[in-house]
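>>> I need the structure of the sequence given here:
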Amino acid sequence: MTLDTKGRNEGITYPVVKCLVGKMEHSVNTTPLLGDDHDSDDEQFQHEFNTDDNKPLFKPLEPRDKFNTAYLIFCLLGIVSLLPWNFYVTADDYWMYKFRNVSKNESMVGSSTSGRTPLQAEFTSYLSLASSVPNLVFLVLTTAISHRVSLNVRVVGSLFVMLLLMLVTLVFIQVDTDKWQQTFFGVTLISIILLNVCSAIFSGSLFGAVGKFSPKYITAVIGGQALGGVFAALAQIASLSIGASSTHSALVYFIIGNLTIAISIFLYIMLEKSLFFKYYIADHAVINELLTNSLPMNYSYRTILKKMWCYGLSIFVTFAVSLAVYPGVTVLIDSEGKGHGNRWNDVYFVPTIAYLLFSTGDYLGRILAGKVLKPRNITVLVILSCARFIFIPLLMLCNAQPRHLAVVFDRDYQYILILFLFAVSNGYLANIATIMVPKAVDQHEKEIASSIMTIFMGFGLTLGSTVSLFMVRLL
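Okay, the predicted model is just below:
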């Protein structure tokens, strides 16, 4: 049988309720109240029953995550949540080919001696803006409708549409767009907007759901997002190493992306059918209402916001600073040895350093945050997030091309060190804020609080992407 209260508890089946009261028989004191010990005092009575107005009478029997299956699936879903962004932004070689100066018959930007065209130089910044704005809008909408549309519809539906849009990208790889680059530029941005609408619905739903799990699973999703950048960079490097043309390399690259989304759909369907997932995703407040006839819990967005807005501010500042220069500026930073015929400097430097190194550092920062969980003081956390502003001028003074400003850090190792510290701090501070939020609110508020955090993140991404356009032009 299925328990359903106001549409909030689809999927809460009898085994889940059974888990919640599984130890009831062994927890209840069966000593007769009117037996020989009827004169026992109130303190002994309280001790026997161990009652507390703020805690449930019976401790639930929690199902186990066998072989860490749920953890691994959450990690994959974290990868997929940012897959459109990571795959589009990392395919730098492909976009440079599509928007090259066709009048000079240049096959890729690496062979050009005249610098990037305006479309080549500004595409990444426009991509960031086209990603962040719809992402923000639909993160807000997803939070608003989270209790009106079922979790499975939001997750599976958004993944299917995401897959279809990525298939459209595969088709355009084989289409000659040289004579209509401006139109292709617009069509690409529209595709990116739609992809990020799906990504926002999926991400908001995923974070809302995982907020009900232990911090281990929150770290799995957060870590998966960082691993998504690593995965995309490795896929790009692998496709370039084939030695084929830019279009054939892009074909291999985006096929990998499509297969990843398809696999994630299958694995999520398996996960949502598991007892472990149903136990945690269940609205425990409503189950308690069904078992005890108590009043249902009310959700107040204002109350939740008051409890967690400082953590939201921290993640907003963290991502605003990051997106102000990454990847809009960092993708333009060339190796000191570029133009001398070395494939490392001309072909592999940008995907390896600008994407793979950043994503690796971001992932390490998130994993470290999950183990250390410091600082716990929210004021210190906000101050550290604001201190990352120093990375904006540092990266602007690296060897980004084309430029009007003087280059201060012209050595590759200087840029690599700055970028790595920039990446680690991004992942560390973002994960600390995300993990601490569910601890700052009540159990029944965790899903909404985690979803609100994605909105703060969306605001940060939008502001950073907007600033990125000006940073590129300031160069």
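>>> From now on I want contacts and neighbour counts done on CA atoms only, so please keep to that.
Noted.
>>> how near is the residue nearest the centre of the chain to Asn68?
Nearest to the geometric centre of the chain sits Gln225, at 4.6 Å (C-alpha atoms, centre = their mean). Distance, Gln225 to Asn68, by C-alpha to C-alpha, to the nearest Å: 18 Å.
>>> got it, and Phe459?
Distance from Phe459 to Asn68, by C-alpha to C-alpha: 33 Å.
>>> What ranges in the chain fall below the confidence cut-off?
1-61, 104-115, 283-299 (pLDDT under 70).
>>> Which parts of it are strands?
Using DSSP state E, the strands of the chain run over residues 2-3, 12-13.
>>> check contacts around the residue lying closest to Val155 once chain neighbours are set aside.
Once flanking residues are discounted, Val155 sits nearest to Phe202: 5.2 Å by C-alpha to C-alpha, 6 or more residues apart in numbering. Taking C-alpha atoms under 8 Å, 6 or more residues apart in numbering as the criterion, Phe202 is in contact with 81, 154-155, 158-159.
>>> what's the closest of those residues to Ser359?
Ser81 (14.7 Å; C-alpha to C-alpha).
>>> is it true that that closest one touches Ser199?
Yes - between Ser81 and Ser199 there is a contact under C-alpha atoms under 8 Å: 5.8 Å.
>>> neighbour-wise, which of Phe459 and Asn68 wins?
Regarding Phe459 and Asn68, a neighbour count based on other C-alpha atoms under 10 Å identifies Phe459 as having more, with 25 against 10.
>>> got the contact list for that one?
132, 136, 316, 320.
>>> For these, give me JSON lines that also has neighbour count and distance to Arg100.
What follows is the contacts of Phe459, written out as JSON lines (neighbours: other C-alpha atoms under 10 Å; distance: C-alpha to C-alpha, whole Å):
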{"residue": "Ser132", "neighbour count": "28", "distance to Arg100": "25"}
{"residue": "Leu136", "neighbour count": "24", "distance to Arg100": "31"}
{"residue": "Phe316", "neighbour count": "27", "distance to Arg100": "35"}
{"residue": "Ala320", "neighbour count": "27", "distance to Arg100": "30"}
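>>> Now render the residues you listed as CSV, adding distance to Phe389.
Shown next, in CSV, are the contacts of Phe459 (distance: C-alpha to C-alpha, whole Å):
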residue, distance to Phe389
Ser132, 20
Leu136, 22
Phe316, 13
Ala320, 9
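>>> Show me the residues you listed that map onto helices.
Using DSSP state H, the subset of these located in helices is 132, 136, 316, 320.
>>> which one among these gets closest to Phe172?
Nearest to Phe172, judged by C-alpha to C-alpha, of those is Ser132 at 23.0 Å.
>>> Test my guess that that closest one contacts Val467.
No - contact criterion C-alpha under 8 Å: Ser132 and Val467 do not qualify, at 12.0 Å.
>>> what's the neighbour count on Ile265?
20.
>>> ugh, wrong one, Lys306
Counted with other C-alpha under 10 Å, Lys306 comes out at 10.
>>> One more: Ala209?
22.
>>> Please list all residues in contact with it.
Per C-alpha under 8 Å, 6+ apart, neighbours of Ala209: 281, 447.
>>> gap between it and Phe74?
From Ala209 to Phe74 the distance is 10 Å (C-alpha to C-alpha).
>>> same check, this time on Pro327
26 Å.
>>> how far away is the residue nearest to Val155 from Gly208?
10 Å.
>>> same deal with Tyr71?
16 Å.
>>> nearest to Ile392, of the contacts of Phe459?
Lowest distance from Ile392 to the contacts of Phe459 (C-alpha to C-alpha) belongs to Ala320, with 10.7 Å.
>>> Gly460 is in contact with that closest one, correct?
Yes - Ala320 lies in contact with Gly460 (C-alpha under 8 Å); the separation is 4.1 Å.
>>> OK, contacts around the closest residue to Phe319 other than its chain neighbours?
Sequence neighbours aside, Gly460 is the residue nearest to Phe319 in space, at 5.0 Å (criterion: C-alpha to C-alpha, 6+ apart). Contact partners of Gly460, counting by C-alpha under 8 Å, 6+ apart, are 315-321, 323.
>>> Turn those residues into TSV, columns for distance to Tyr280.
Below are these laid out as TSV (distance: C-alpha to C-alpha, whole Å):
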residue	distance to Tyr280
Ile315	25
Phe316	28
Val317	31
Thr318	30
Phe319	29
Ala320	32
Val321	34
Leu323	34
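>>> ok, which pair from the residues you listed is furthest apart?
Ile315 and Leu323 (12.2 Å).
>>> Might one say that Val89 is in contact with Leu127?
Yes - if you go by C-alpha under 8 Å, Val89 and Leu127 touch, sitting 7.3 Å apart.
>>> Name the residue in Pro327 and Phe74 with the higher neighbour count.
For Pro327 versus Phe74, neighbours defined as other C-alpha under 10 Å are more numerous around Phe74 (26 against 22).
>>> Distance from stretch 316-329 to the middle of the chain?
Relative to the centre of its chain, stretch 316-329 is centred 15 Å away, using C-alpha atoms, centre = their mean, to the nearest Å.
>>> ditto for stretch 360-367
That offset, for stretch 360-367, works out to 13 Å (C-alpha atoms, centre = their mean).
>>> Who has more neighbours out of Tyr71 and Gly208?
Gly208 (26 against 18).
>>> what's near enough to touch the more buried one?
Applying C-alpha under 8 Å, 6+ apart, one finds that Gly208 lies in contact with 446-451.
>>> Which of those residues fall in helices?
446-451.
>>> follow-up on the earlier one: ok, the residue nearest to Val155 to Gly157 distance?
Distance of Phe202 to Gly157, computed by C-alpha to C-alpha: 9 Å.
>>> cool, Lys439 as well?
Using C-alpha to C-alpha, which is the criterion applied here, Lys439 is 30 Å from Gly157.
>>> Could you do His248 as well?
Distance from His248 to Gly157, by C-alpha to C-alpha: 30 Å.
>>> same check, this time on Ser425
Note on Ser425: its distance to Gly157, by C-alpha to C-alpha, is 34 Å.
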